[in-house]
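1. Need coordinates for the following:
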Amino acid sequence: MEWRAAAGLESGYLRFRPHGAPERVKPEHDPHAIELWGFKKESGTTALLAAAVAARLPHPSAGPDKALTAGAPARPALEAPAPTAPPASGAAPADDHDTLLRRLRELGELRREGILTEEEFTTTKAAVLERFHTTD
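-> Residues are numbered from 1 along each chain as shown. Take a look at the predicted model:
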């Protein structure tokens with residue numbers, strides 16, 4: 001997926017690039033692209049669409065079995081990974097708490113801006129708080 005905001009007299013675009021798609025063409029000729037004409041409302045809406053799609057795409061290094069299927073719940077974009085091993089640098093627990101507090105603050109901002117739904121916010125917040133208790 002590619003997104004370029006409209007700037008000045010230059011049009012922007014939101015382009016979806018499916019696997020196996022033919023060579024790249026200009027966005028105005030691409031059937032998988034939405035051309036943006038420079039309206040702020042249009043650019044903001046497509047930025048939200050691009051963020052929502054990107055949050056649900058599997059990571060490029062993930063195997064094909066990691067792709068989401070229809071009806072499968074999406075993992076929240078900011079979910080904290082499960083702790084595996086202590087960091088090699090020997091980071092102090094205070095650093096971990098600062099990171100987790102920053103993540104909670106970012107989650108609140110994403111919810112206020114309407115990027116995260118209430119359900120996604122609640123699920124992700126619970127995961128972060130669980131990590132907060134396991135770092136003690």
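2. Read off the pLDDT value for Thr135.
-> Model confidence at Thr135, given as pLDDT, is 57.
3. make that Arg102, sorry
-> On pLDDT, Arg102 comes in at 84.
4. how about the least confident helix or strand in the chain by mean pLDDT as CSV, C-alpha atoms only?
-> Within the chain, no helix or strand scores below helix 40-56, which has a mean of 71 by mean pLDDT, DSSP states H and E. Taking Å, rounded to 0.1, in the frame of the first residue of the first chain, the C-alpha atoms of helix 40-56 are listed here in CSV:
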residue,chain,number,x,y,z
LYS,A,40,-8.0,18.4,3.3
LYS,A,41,-11.1,16.3,4.3
GLU,A,42,-10.4,13.8,1.5
SER,A,43,-6.7,13.4,2.4
GLY,A,44,-7.5,13.0,6.1
THR,A,45,-10.1,10.3,5.4
THR,A,46,-7.8,8.3,3.1
ALA,A,47,-5.0,8.6,5.7
LEU,A,48,-7.4,7.0,8.2
LEU,A,49,-8.3,4.3,5.7
ALA,A,50,-4.6,3.6,5.0
ALA,A,51,-3.8,3.3,8.7
ALA,A,52,-6.7,0.9,9.3
VAL,A,53,-5.7,-1.3,6.4
ALA,A,54,-2.0,-1.2,7.4
ALA,A,55,-2.8,-2.2,10.9
ARG,A,56,-4.6,-5.3,9.8
